[in-house]
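Enquirer: have a look; sequence and predicted model below, questions after that.
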Amino acid sequence: MLIDVADVSKRYPQPHLANPPAAVENISFSIAAGEFVCILGPSGCGKSTLLNLIAGFLAPDRGSIQFAGKPVTGPEPQRGVVFQEATLFPWLNIRRNVELGLKAAGTDRERRQKLVDESLALVGLHASRYAYPHQLSGGMKQRVALARVLALKPRLLLMDEPFSALDADTREHLQDQLLKICASRRQTVLFVTHSVEEAAYLADRVITMRPPPTSLYSEIRIHRKQPRRRNAKELTMTILRLRSLLKGLSRC
Ligand code: ADP
């Protein structure tokens, strides 16, 4: 398994509470290489906390997280993260923004240029490589953020509601682009969303979460015909199944 999460719990310290509530409690699951897994659940149920734990930005209070058989002890380029808002440097053009992570990783200039060009082409932004962030739409900025992470060739791509601030058309376009990229690179993805439709369309497997104190969650595997179609009956069936699963969890 590429990722193994075992009995993980996390509380955020709070100044006036000796025993603050858990943000996630007793979560266990694994992700195999090449899988596209969505974490689905309502706001506040701990999805971002879980993603930040796997990224290594946070440490669990209990339990363990292993990446490729080794404990996660902090962030590393092998686990690249794309957030809801692209954080680009306004004074750098797109190429330079994408190059930043590679520079930080100590990649030499020639290889940097090759990887930047490759990943900009992957997200369809090579023609805009000399533009500056203020010249880009929200969707283009998110593609730059994705290109910056892809340039590092991460074994695991972590995405935290990356398309939720975009309009519906742009969101669908980026979802399709992401699926193509994943297919071409056999990219492993952990994708956090509160949208049932998004999870049903993107995932090979959906893990549903509900807020602590209960640690209950469930998972469903989605077997679908290729290529995916948005108007496919099986997609509607998956959406209905996930909706009823979430309702069932909220009654527990
Ligand atoms: P989700 O991503 O599902 O919306 P989060 O992981 O952001 O959920 O939050 C889970 C719980 O942890 C919520 O109750 C939230 O208020 C709390 N929380 C998240 N981040 C912090 C923080 N930095 N400090 C204190 N509490 C936090």
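Expert: Yep, that arrived.

Enquirer: three-state assignment of the residue most central in space within the chain?
Expert: The centroid of the chain falls nearest to residue 159 when counting by CA atoms, centre = their mean (1.7 Å). When classified by DSSP: H, G, I helix; E, B strand; the rest coil, residue 159 comes out as strand.

Enquirer: from what I can see it touches residue 190, true?
Expert: Yes. Here residue 159 reaches residue 190: they are 7.2 Å apart, a contact under CB atoms under 8 Å. The C-beta positions use only the backbone N, C-alpha and C, and glycine is treated the same way.

Enquirer: find the closest residue to the ligand in the stretch 151-252 of the chain.
Expert: Across the stretch 151-252 of the chain, no residue is closer to the ligand than residue 192, which sits at 6.5 Å (CB to the nearest ligand atom).

Enquirer: give me the element that residue is part of.
Expert: strand 188-193 (DSSP states H and E).

Enquirer: contacts for that strand, please.
Expert: 2-3, 31-40, 47-48, 50-51, 54, 155-162, 164, 178, 182, 199, 202-203 (CB atoms under 8 Å, 6 or more residues apart in numbering).

Enquirer: drop anything exposed from those.
Expert: 2-3, 31, 35-40, 47-48, 50-51, 54, 155-162, 178, 182, 199, 202-203 (16 or more other CB atoms under 10 Å).

Enquirer: what's the distance between the nearest residue to residue 186 once chain neighbours are set aside and residue 156?
Expert: Excluding the flanking residues, the one nearest residue 186 by CB to CB, 6 or more residues apart in numbering is residue 34, at 4.9 Å. Distance, residue 34 to residue 156, using CB to CB, to the nearest Å: 11 Å.

Enquirer: kind regards, and thank you for your time.
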